[in-house]
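Enquirer: I'd like to go over a predicted model; first the sequence, then the structure.
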Amino acid sequence: MKRDFGVVVIGGGHAGAEAAHAAARLGVPTALVTLRRDGIGVMSCNPAIGGLGKGHLVREVDALDGLMGRVADRAGIQFRLLNRRKGPAVQGPRAQADRRLYREAMQAELAATAGLTVIEGEASDLLMEAGRVAGVVLADGAEIRAGAVVLTTGTFLRGVIHIGDVSRPGGRMGDRPSVRLAERIEALGLPLGRLKTGTPPRLDGRSIDWQAIERQPGDDEPAMFSFLHDRPFVRQVACGITHTNERTHEIITANLARSAMYGGHIAGVGPRYCPSIEDKVVRFADKASHQVFLEPEGLDDPTVYPNGISTSLPAEVQEAYVRSIRGLEQAVITQPGYAIEYDYVDPRALRPTLELREAEALFLAGQINGTTGYEEAAAQGLVAGLNAALKVLGRESVIFSRTESYIGVMIDDLVTRGVTEPYRMFTSRAEFRLSLRADNADQRLTPLGIGLGCVGEPRRRAFLAKAEALAAGRARLEAASFTARQLAAEGARVGVDGPRRNGFEALGLPEATFEMLERLDPTLADIDAATRAQLARDALYASYLERQAEDAAAMRREEGQAIPADFDYGTLSGLSHELRSKLERARPASLAQAARLEGMTPAALTLILARIKAGERRRA
C-alpha cells in the first residue's frame, strides 16, 4: 500500500469526507484514514440535513462542488423549505434522509474520486518534524507520510457514552473512542475542553399508532440542495408530529437525579439550542407540552427518530416517558437514547484557514473545533481540505469572508470568539444575511471555486449557462420600462404618481410578479421559470443590498488590515489587562477579527492600528 500522500485526513464522518474530497479535487494525492470503511458517511444522530442557517451551509458546500448537497438529494425522502412564508434570506432547505441511501451515496462519491485512497485503521499518533506535521502513525505501527494532515475526529476523542448512571467508552454507539490520539493532541499543548451532545431513543415505527398523530408531508414542489438537481431521486414520505404532556414531564422530573446530566456524571457542556428533554422540562417548567417529530430513518427501515426527546436517562425511564406520549403508548425502543461526552480543541488556537497556529500543516475540522451538526462539520471539512491541499501545492490559502458566506461567518466566529457550548449556525449570526441567501450561494461562491480549481467541469458548465441566462434576463428587464400607473393597475403596491421603473426595479415592488410584467411586455414571456424565480429574488433585495454593500466593503477593508502573528500586545500601553489577555489568547488575524472580540473598544482598535502602521513605516 502506498504510504506517502500529499494530504492525510483522519476520520470518515461528514467533515472528513468533505476534506478528503476537496483535497483530491485540487489534484493532491489524498488518504482518508477511518476505523471502518463501511462507517464512512454514517448519520450518527438525526437522519436529516439542513434547516435554518444549516441549509445555507449545505448550499455553499454544494456551490464549491462539495458532496453533502448532492448526496442529501440522492437520499432525501422528504424535502421542506423552512420559513417558506418569510423572505428568501431566512428560508432554509431541509431534507429527511434515508440513512442507508445517504451512506451508500457518500461512499460511492468517494470511491469515484480520483486520487483518493481509503485506509482502514486507527490513527494513534502524529509525526512531527521541527514543529510541522509530517504524517500519522496507525495503531499497528504503520507510518503514513504527508505534507498536511486534517483531523476530523468528531465525538471520538476520549468519547464516553452515558445512559443514566451507566457510562462506557465510545465515539458513538457501537464504536470505540480515540484515546491515544487525544493524548497525543494534549501532548502538543493544545487547549482542550469537554463538550457533550445527545440522541433520543430510536423507535420501531411498526409499534407507533400513526392514526393518533398528526402527519407532516413534504413540500409539493421540493427545494433541492444541489444546484445540479431539480427533483427528488426516491419515493417521498410523511413524518409525524406528537407532543409530550404533563404525565411525561412528571416521569422525567421524578427521575432527574438518575439522568447522567443532572446526576453529575457529565462535566461537558451541551448545546443550548438543542436541549435534552430533561433540560426542556427543567428550563421551561411553565410549558405543559413539547413537540416531538417522528422522523422515518429510511424507506426500507422501520426505525423512527423521535426528534425532540434526546436524553441521558436510564433505559427503563426512557420507556416509561416515551409510552406516556400520544401515539407511542405501545412504542418499542430499539436503541436507548444516550449522551456522549468528548474532547474538543479551543478553536481560537486556529487560523482562519483552520490550520493550527502552533503546529504547521495540521488542520482541524468538525466537532473537534467545538461545533455541532453535520452541516457545520461538512463546511469546515471543505475549508480544511482545500487549505491543506493548497499548502501542499505551495499556493496561497483561501480565507472565507463573513461578508461573502455563512462558511466565513462560522469560521470567523470560531477562531475569534471560541465556544462555550457546541456551536450551531443560525441566520441571525450573519450581518449580511440579505445577500448571503441560500438561493444565491452559487452566484457568490462558484466563481471562487472555479478560480481555485475545485469545481468540476459539469458544474462549471451548468453554472456558466445559468449565469448567462440570468445576465440576459436581467438585461431584458432593465431595457423594459413601465409607468407607476401601469404597474398599479396590474396589482403592484405603488403610488400611481411615482416615477417610471425598468422591469428589474418593478420586480422588486411589493406584490409585483413576473407574470404581471409579462402582461405589460409579452416579449418577456420566453424567460424560463428558474431564471424568473432567481431574478425575482435578486430584485426583491436589490435596494437593500446597495446599502449593505457599503458596510460589507468597510468590513473587507478591516479584514485586509492583517495583524502580524507575533504582534506584542504586552508592550501596547493603553490596553486594559482584561482586553490584553483576550487579544493574546485569541490572536486575531485581522483588525476586523479584533473588533469582534467581546469588550473591544474603538480606542483599543486605534492603538493596535497605529502600532501596525508604525511597524510598517519602520520596515519601509
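Expert: Received the coordinates, thanks. Just so you know, these numbers come straight off a predicted model, no measurement behind them. Numbering: from 1, shown residues only.
Enquirer: List the residues that contact Gln486.
Expert: Gln486 sits next to Leu520 when contact means Cβ atoms under 8 Å, 6 or more residues apart in numbering. For glycine as for every other residue, the C-beta is placed from the backbone atoms N, C-alpha and C.
Enquirer: check which helix or strand covers it.
Expert: Using DSSP states H and E, Gln486 maps to helix 484-490.
Enquirer: Repeat that for Ile241.
Expert: Here Ile241, judged by DSSP H and E, is contained in strand 239-243.
Enquirer: just to revisit the earlier point, report the mean per-residue pLDDT for the helix or strand just after the helix holding Gln486.
Expert: Using DSSP H and E, the next helix or strand after helix 484-490 towards the C-terminus is strand 501-502. Computed over strand 501-502, the mean pLDDT rounds to 95.
Enquirer: Can you tell me the strand partners of strand 501-502 and which way each runs?
Expert: Paired with strand 501-502 in the same sheet, following DSSP bridges, are strand 481-482 (antiparallel).
Enquirer: hang on, isn't Leu188 packed against Ala359?
Expert: Yes: contact criterion Cβ atoms under 8 Å: Leu188 and Ala359 qualify, at 5.9 Å.
Enquirer: These two: who's more crowded?
Expert: Ala359 (20 against 17; other Cβ atoms under 10 Å).
Enquirer: Surely the more buried one is in contact with Glu129?
Expert: No: counting by Cβ under 8 Å, Ala359 does not reach Glu129; the two are 11.1 Å apart.
Enquirer: hang on, the earlier thing: I'd like the average pLDDT over the helix holding Gln486.
Expert: Mean predicted lDDT for helix 484-490 stands at 93.
Enquirer: Flag every buried residue along that helix.
Expert: For helix 484-490, the neighbour count (16 or more other Cβ atoms under 10 Å) marks Ala484, Gln486, Leu487, Ala488, Glu490 as buried.
Enquirer: show me where the stretch 451-600 of the chain has helices.
Expert: Shown for the stretch 451-600 of the chain, the helices assigned by DSSP state H, counting those that start in this stretch span residues 457-479, 484-490, 503-507, 514-520, 529-560, 577-586, 591-595.
Enquirer: most tightly surrounded among the ones you listed?
Expert: Mean neighbour count (mean count of other Cβ atoms under 10 Å) peaks for helix 503-507 among the helices of the stretch 451-600 of the chain, with a mean of 23.
Enquirer: follow-up on the earlier one: now do the shared contacts for Leu188 and Ala359.
Expert: If you check Leu188 and Ala359 against Cβ under 8 Å, 6+ apart, the residues they both contact are Met128.
Enquirer: What is the distance between the helix or strand encompassing Gly408 and the centre of its chain?
Expert: Applying DSSP H and E as the criterion places Gly408 in helix 406-417. On the basis of Cα atoms, centre = their mean, to the nearest Å, helix 406-417 sits 11 Å off its chain's mean C-alpha point.
Enquirer: Please name every helix or strand in contact with that helix.
Expert: helix 54-63, helix 374-393, helix 577-586, helix 591-595 (3 or more Cβ pairs under 8 Å, 6 or more residues apart in numbering; DSSP states H and E).
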